[in-house]
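K.L.:
Next come a sequence and a model predicted from it.
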Amino acid sequence: MTDQPDQVVAAISQQQADFVARLKEVIAVANTPDELGIPAGIVSDIIFKILFNEGEATLKRLSDVIKVHGRVIDVLVEQMQYEHLVEVAKAGSANRATYAFSLTEEGMKRARDAMERNLYIGPAPVASDKYNEAVLLQSQNKIHVTPPEVKAALSHLILPDNFHRSIGPAINGGTSLFLYGPPGNGKTTVAEAIAKIITGTTPVFMPYAVTVAGYIVTIFDPLIHKHADVDPNSVQSTFGRVDPRWAIVDRPTVMVGGELTMDALELRFEELAKYYEAPLQMKANMGMFLIDDFGRQQISPAQLLNRWIVPLESHIDFLRLRTGQAMQIPFKQLIVFSTNLDPDDLVDAAFMRRIQMKVGVRSPSESMFRKIFLAMAQSMGIPPDRETYAYLLKKWYEEPDRPMQAVHPRDLLRIVKALCEYDNTPVRMTPELMREACVNYFVSQEGEAMRR
């Protein structure tokens with residue numbers, strides 16, 4: 001009788017081998033213009049623009065900027081020489097790779113024509129269907145985090161027991177998560193911890209740009225995409241020689257708040273440069289997209305609902321070019337909504353049904369509040385004082401029936417420390433210092449009364 005665990009391991013190993021083989025084909029280096037998967041004219045246009053802007057450039061310089069193998073660049077430049085569009089400006093002492101090339105008069109005209117089409121200079125794009133395939137492949141190779149890993153990522157927070165069991169499955173599922181609850185209890189901090197977990201998992205291959213219907217769409221954003229610290233030899237031993245048009249990046253995290261607009265979720269056409277910038281959800285593919293303070297964006301929850309209700313269900317998004325043509329892309333990232341508003345007031349049941357996990361981040365109990373208070377005092381070097389804590393609890397929470405928030409201990413103790421430093425006295429906590437901190441912190445009738 002075959003051992004079932006061995007069958008499972010064998011199946012997983014075969015799936016991994018299939019994943020590597022298929023991805024290897026998608027990201028394989030192009031050794032000829034035909035293997036680029038895009039019209040060679042797109043690369044030629046970038047060469048023209050570089051030579052126009054820089055006056056002259058070597059094959060190595062062109063290859064470094066365009067991120068296409070030098071052999072392919074040489075073939076294209078040689079063709080331009082044959083057509084009397086470029087010429088050798090300086091002959092190097094070694095080989096053609098060291099030659100510097102410049103534009104002829106006819107080449108200058110072609111360069112101006114290229115700049116009429118667009119002003120894009122950078123890595124050559126990959127075909128959009130190759131991008132789609134790479135995202136889908138790498139999304140199938142799912143993130144898998146374990147309870148110890150999630151617990152470790154949340155260890156700097158004081159949370160209810162087994163809170164990690166609501167977070168870990170959402171990360172592994174890679175679809176959506178809704179964090180809700182009163183303000184000041186750590187929703188954003190929890191989301192940032194999730195982002196750190198995701199970023200620390202397996203890096204992904206991301207193209208710098210793609211081309212669709214003759215247009216270039218830039219994806220790589222240095223503010224979002226960070227080059228992964230990987231061993232090139234290890235990458236090559238697994239995937240072979242990788243096309244340099246694909247960057248190896250840590251899984252991306254996009255975080256937005258009240259500044260989010262509908263335009264940020266659509267292709268943005270640069271009127272002067274005449275190429276597109278990818279929307280935020282495309283930049284977040286294979287990573288995480290956090291919408292913080294959900295409900296306070298410049299677009300209404302209903303607008304976002306209408307925009308994303310289909311992608312959340314089908315995991316496919318449709319982007320529209322200014323020509324009216326549609327571009328289909330995978331919608332493959334962990335979407336995290338974080339809000340302190342009542343979820344029932346924000347979105348309807350149809351939207352909530354599409355959110356995989358809904359996790360309440362509640363106000364702390366008194367015992368949790370005490371742990372947070374003591375942890376914050378220790379981190380700030382403030383000796384704890386039972387009398388001060390008892391005063392805080394009774395006068396500022398029990399008597400006014402004020403709900404506790406996890407952020408209060410940090411904020412109040414910061415004020416206490418600032419008061420001590422202002423008076424040039426040893427950092428300590430006393431009921432009087434705590435009273436002064438609370439008067440300055442809480443906007444309330446009792447605070448105004450105590451000021452007087």
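P.N.:
The structure has been received and is ready for your questions.

K.L.:
who's in contact with the residue most central in space within the chain?
P.N.:
Centroid-nearest residue in the chain: residue 253, 2.0 Å away (criterion: Cα atoms, centre = their mean). If you count contacts by Cβ atoms under 8 Å, 6 or more residues apart in numbering, residue 253 has them with 195, 198-199, 224, 284, 287-290. Where C-beta positions appear, they are placed from N, C-alpha and C, glycine not excepted.

K.L.:
Return the member of the residues you listed nearest to residue 139.
P.N.:
residue 287 (10.4 Å; Cβ to Cβ).

K.L.:
got the contact list for the closest one?
P.N.:
So residue 287 contacts 198-199, 204, 251-254, 333-334 (Cβ under 8 Å, 6+ apart).

K.L.:
what about the helices in the stretch 351-452 of the chain?
P.N.:
366-379, 386-393, 408-423, 431-441, 445-451 (DSSP state H, counting those that start in this stretch).

K.L.:
Quick check: buried residues in the third one?
P.N.:
Read that as helix 408-423. For helix 408-423, the neighbour count (16 or more other Cβ atoms under 10 Å) marks 408-410, 412-413, 415-417, 419-420 as buried.

K.L.:
Now that helix - C-alpha only, PDB.
P.N.:
Only the C-alpha atoms of helix 408-423 are listed here, as PDB (Å, rounded to 0.1, in the frame of the first residue of the first chain):
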ATOM      1  CA  HIS A 408      -3.600  55.600  24.500                       C
ATOM      2  CA  PRO A 409      -0.700  54.200  26.600                       C
ATOM      3  CA  ARG A 410       1.900  55.100  24.000                       C
ATOM      4  CA  ASP A 411       0.500  58.600  23.500                       C
ATOM      5  CA  LEU A 412       0.000  59.400  27.100                       C
ATOM      6  CA  LEU A 413       3.400  58.200  28.200                       C
ATOM      7  CA  ARG A 414       5.000  60.200  25.400                       C
ATOM      8  CA  ILE A 415       3.400  63.300  26.900                       C
ATOM      9  CA  VAL A 416       4.500  62.300  30.400                       C
ATOM     10  CA  LYS A 417       8.100  61.900  29.100                       C
ATOM     11  CA  ALA A 418       8.000  65.200  27.200                       C
ATOM     12  CA  LEU A 419       6.800  67.000  30.400                       C
ATOM     13  CA  CYS A 420       9.700  65.600  32.400                       C
ATOM     14  CA  GLU A 421      12.200  66.500  29.800                       C
ATOM     15  CA  TYR A 422      10.700  70.000  29.600                       C
ATOM     16  CA  ASP A 423      11.100  70.400  33.300                       C
END
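
K.L.:
How far off centre is it?
P.N.:
Put simply, helix 408-423 sits 35 Å off its chain's centre (Cα atoms, centre = their mean, to the nearest Å).

K.L.:
Stretch 384-392 now?
P.N.:
The chain centroid and the centroid of stretch 384-392 are separated by 42 Å, computed with Cα atoms, centre = their mean.

K.L.:
and if you look at stretch 354-370?
P.N.:
On the basis of Cα atoms, centre = their mean, stretch 354-370 sits 25 Å off its chain's mean C-alpha point.

K.L.:
got the end-to-end distance for it?
P.N.:
Chord length of stretch 354-370, first to last residue, is 37 Å (Cα to Cα, to the nearest Å).

K.L.:
Got phi/psi on residue 268?
P.N.:
Main-chain torsions, residue 268, degrees, to the nearest 10: phi -110, psi 120.

K.L.:
Now the residue nearest to the centre of the chain: closest residue in space, sequence neighbours ignored.
P.N.:
residue 195 (4.1 Å; Cβ to Cβ, 6 or more residues apart in numbering).

K.L.:
how about that neighbour, secondary structure?
P.N.:
helix (DSSP: H, G, I helix; E, B strand; the rest coil).

K.L.:
In three-state terms, label residue 290 for me.
P.N.:
Going by three-state DSSP: residue 290 is strand.

K.L.:
what's the pLDDT at it?
P.N.:
Looking at residue 290, its pLDDT is 93.

K.L.:
if we look at the sheet, which residues does it bridge to?
P.N.:
Residue 290 forms beta bridges with residue 255, residue 336, as assigned by DSSP bridges.

K.L.:
Pretty sure it sits against residue 260.
P.N.:
No - contact criterion Cβ atoms under 8 Å: residue 290 and residue 260 do not qualify, at 10.6 Å.
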